[in-house]
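Asks: My questions are about this predicted structure, shown below with the sequence.
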Amino acid sequence: MPQKLHIKTFGCQMNEYDSSRMADLLRASHGYHTTDDPDAADMVLLNTCSVREKAQEKVFSQLGRWRQIKARKPGLVIGVGGCVASQEGEMIMKRAPYVDIVFGPQTLHRLPALLDRVLQKRARSVDISFPEIEKFDCLPPPRVVGVKAFVSIMEGCGKYCSFCVVPYTRGTEFSRPFDDVITEVYDLAGRGVREVNLLGQNVNAYRGPRHDGRPVDLAELLHYVAAIDGIDRIRYTTSHPLDFTDALARAFAEIPELAGHLHLPVQSGSDRILQLMKRNYTARDYLRWVDKIRAHRPDISLSSDFIIGFPGETDADFAATMALIEAVGYDQSFSFIYSPRPGTPAAQLADDIPLAVKKARLQELQSRINAMAASIASRMVGGRETILVEGPSRKDPRQFAGRTENNRVVNFDGSPGMVGDFVSVTITEALPNSLRGVAAPEKKVA
């Protein structure tokens, strides 16, 4: 009977990608099959994120629930990975002595060896080192589930924004070799993948060496990926504005496969707050990047990250953020109230803004961006969108669903034969979280 593995993931798309690679790795090495039920599992892994508030508390709360399972099943193996594991290391085992394995984002490839130590020697293990590229060399080919796939092309970040833990938990920037990335995408295309999303903590800082040693930047990589037969839509995330080049802006005009959506985090519209955040650009700089991008793709959809209530943020600072939002016209945002991350420079600043003020500002910002998004969705009604059909709709299995270039879900009547195809759909209705449409099969995109 095969062993069962349960993975719970907190955080970003990079963590989702890492969790899928953990499952691939343990399936190949130990025959584990994944389960959604931790009570049925022989091994449970928690892939953690330290970006959001109360990250450590969430980790130990989850571990406490798993401790009860281990009390009933003493052979259960419990592992903690991700950014909180990288930060806390052995402290996790001191606080939760029932945990067997602690590993960092760059050592997930060592999970089979760590697991063997537990199974064969009952020895608990911690490995939160930073071996960089070794990780990708040791991972098995990714499993393909559906017609879309993530491809990690770089990790880490060297920007050291004052609020961010990524450089401390994932290390500084390093890029996968160009040939390795292209080989992985070719393999995915050969197994039916039609859309790839290139991932990195600062993906537009990609500088992957070719076999001859020449570095390839993200703009050039995009051209190569687009040339792979079968890959007909490309996305990438997450970008830092400082590394957004003219060549990347031109790519939106030059590469039809590049989706007309960009996530470009700004964090604040106040130059004073941006300086405290150590973002090293101004609101005017950011707007110039936006103008440059829209010069090449006028209809591009933009999303961003915002931190609300950063230490010292005044009403005027927040007003500057709202002014920037009006100037850009965002389609979506990931916005959160500031909370200090241990070990970051900003954690030393006085968090002097009342929580009620932070909440009111966050609600105002989110309400405005939600209204912008609703307006954009309404304007899409009556138009045609090219949809990559992913499978049956989650709400109604008699219908099918896919996403537009600007990343909206569209539900429509279709047939199983459409799955994996790009289909032209006329949008008939805009709902709060999705669109409805009518497919035109004769307009199928090759």
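Replies: Nice, thanks for sending it over.
Asks: ok, Thr404 to Val425 distance?
Replies: 8 Å (Cβ to Cβ, to the nearest Å). The C-beta positions use only the backbone N, C-alpha and C, and glycine is treated the same way.
Asks: Can you verify my assumption that Gly383 contacts Val425?
Replies: No: taking contacts as Cβ atoms under 8 Å, Gly383 lies outside contact range of Val425: 9.7 Å.
Asks: need the helices for the stretch 201-350 of the chain, in chain order.
Replies: Along the stretch 201-350 of the chain, counting by DSSP state H, counting those that start in this stretch, helices occupy 218-226, 246-254, 271-277, 283-296, 315-328.
Asks: Could I get the buried residue list for stretch 292-305?
Replies: For stretch 292-305, burial by neighbour count (16 or more other Cβ atoms under 10 Å) applies to Lys292, Ile293, Arg294, Arg297, Ile300, Ser301, Leu302, Ser303, Ser304, Asp305.
Asks: sorry, back to before: and Gly383 and Val425? Which one has more around it.
Replies: Using other Cβ atoms under 10 Å as the criterion, Gly383 and Val425 rank with Val425 on top: 26 against 11.
Asks: The helix or strand hosting the more buried one packs against which elements?
Replies: Element membership of Val425, judged by DSSP states H and E, is strand 422-430. Helices and strands touching strand 422-430, as assessed by 3 or more Cβ pairs under 8 Å, 6 or more residues apart in numbering; DSSP states H and E, comprise helix 355-380, strand 384-392, strand 409-413, strand 435-445.
Asks: Kindly reformat these as JSON lines containing mean neighbour count, mean pLDDT and distance to Gly82.
Replies: As requested, these are exported to JSON lines (neighbours: other Cβ atoms under 10 Å; pLDDT from 0 to 100; distance: least, Cβ to Cβ, whole Å):
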{"stretch": "helix 355-380", "mean neighbour count": "15", "mean pLDDT": "97", "distance to Gly82": "26"}
{"stretch": "strand 384-392", "mean neighbour count": "20", "mean pLDDT": "96", "distance to Gly82": "27"}
{"stretch": "strand 409-413", "mean neighbour count": "21", "mean pLDDT": "96", "distance to Gly82": "28"}
{"stretch": "strand 435-445", "mean neighbour count": "16", "mean pLDDT": "74", "distance to Gly82": "34"}
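Asks: And the closest residue to Thr404 other than its chain neighbours, how close does it get to Arg403?
Replies: Leaving aside its chain neighbours, Thr404 sits nearest to Glu385 (4.5 Å; criterion: Cβ to Cβ, 6 or more residues apart in numbering). With distances taken as Cβ to Cβ, Glu385 is found 9 Å from Arg403.
Asks: Name the residues contacting each of these two.
Replies: Residues within reach of Glu385 and of Arg403 at once, by Cβ atoms under 8 Å, 6 or more residues apart in numbering, are Val410.
Asks: Any stretches of the stretch 101-250 of the chain with poor pLDDT?
Replies: Low-confidence segments of the stretch 101-250 of the chain (pLDDT under 70): 132-134.
Asks: what's the closest of the helices of the stretch 201-350 of the chain to Arg368?
Replies: helix 315-328 (6.1 Å; Cβ to Cβ).
Asks: Please work out the average pLDDT along the closest one.
Replies: What helix 315-328 shows for mean pLDDT is 98.
Asks: just checking, what packs against it?
Replies: By 3+ Cβ pairs under 8 Å, 6+ apart, helix 315-328 packs against helix 271-277, helix 283-296, strand 301-308, helix 355-380.
Asks: same thing but 10 Å
Replies: Counting contacts by 3 or more Cβ pairs under 10 Å, 6 or more residues apart in numbering; DSSP states H and E, helix 315-328 packs against helix 271-277, helix 283-296, strand 301-308, strand 332-337, helix 355-380.
Asks: Distance from the third one to the middle of the chain?
Replies: If you compare the mean C-alpha spot of strand 301-308 with that of the full chain, they lie 14 Å apart, counting by Cα atoms, centre = their mean, to the nearest Å.
Asks: Next: the shortest one.
Replies: On the basis of Cα atoms, centre = their mean, strand 332-337 sits 14 Å off its chain's mean C-alpha point.
Asks: Can you list the buried residues in it?
Replies: In strand 332-337, counting by 16+ other Cβ under 10 Å, buried: Gln332, Ser333, Ser335, Phe336, Ile337.
Asks: do stretch 338-347 as well
Replies: Buried-residue list, stretch 338-347, by 16+ other Cβ under 10 Å: Tyr338, Ser339, Arg341, Thr344, Ala346.
Asks: Specify the local secondary structure of Ser19.
Replies: What DSSP: H, G, I helix; E, B strand; the rest coil gives for Ser19 is helix.
Asks: Likewise for the one 10 residues further on?
Replies: On the three-state scheme (three-state DSSP), Ser29 is labelled helix.
Asks: Touching, it and Ala113? I think so.
Replies: Yes: shown here, Ser29 and Ala113 form a contact pair, counting by Cβ atoms under 10 Å, at 8.9 Å.
Asks: Touching both of the two, which residues are there?
Replies: Residues touching both Ser29 and Ala113 (Cβ atoms under 10 Å, 6 or more residues apart in numbering): none.
Asks: Could you confirm Lys70 falls within a helix?
Replies: Yes: per three-state DSSP, Lys70 lies within a helix segment.
Asks: wait, doesn't it sit right on Val99?
Replies: Yes: because the distance of 9.4 Å satisfies Cβ under 10 Å, Lys70 is recorded as touching Val99.
Asks: Compare neighbour counts for these two and give me the winner.
Replies: Val99 (23 against 17).
Asks: Please name the residues that touch that one.
Replies: Counting by Cβ under 10 Å, 6+ apart, Val99 has contacts 46, 60, 63, 66-67, 70, 77-80, 85, 92-93, 124, 126.
Asks: What about it? Give its phi and psi, please.
Replies: phi -80, psi 140 (degrees, to the nearest 10).
Asks: Only the buried residues of stretch 185-193, if you could.
Replies: Val185, Leu188, Ala189, Val193.
Asks: Turn those residues into TSV, columns for secondary structure and distance to Ile273.
Replies: Compiled in TSV, these are given as follows (DSSP: H, G, I helix; E, B strand; the rest coil; distance: Cβ to Cβ, whole Å):
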residue	secondary structure	distance to Ile273
Val185	helix	38
Leu188	helix	40
Ala189	helix	43
Val193	coil	40
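Asks: Between the residues you listed, which sits nearest Pro209?
Replies: Closest to Pro209, out of all of the buried residues of stretch 185-193 and judged by Cβ to Cβ, is Val185, at 16.9 Å.
Asks: so how far is Ser152 from that closest one?
Replies: 12 Å.
Asks: which neighbours do those two share?
Replies: Shared contacts of Val185 and Ser152 (Cβ under 10 Å, 6+ apart): Leu198.
Asks: In the stretch 101-250 of the chain, what residue spans correspond to strands?
Replies: 101-103, 125-127, 148-152, 154-155, 174-175, 195-199, 207-209, 215-217, 233-237 (DSSP state E, counting those that start in this stretch).
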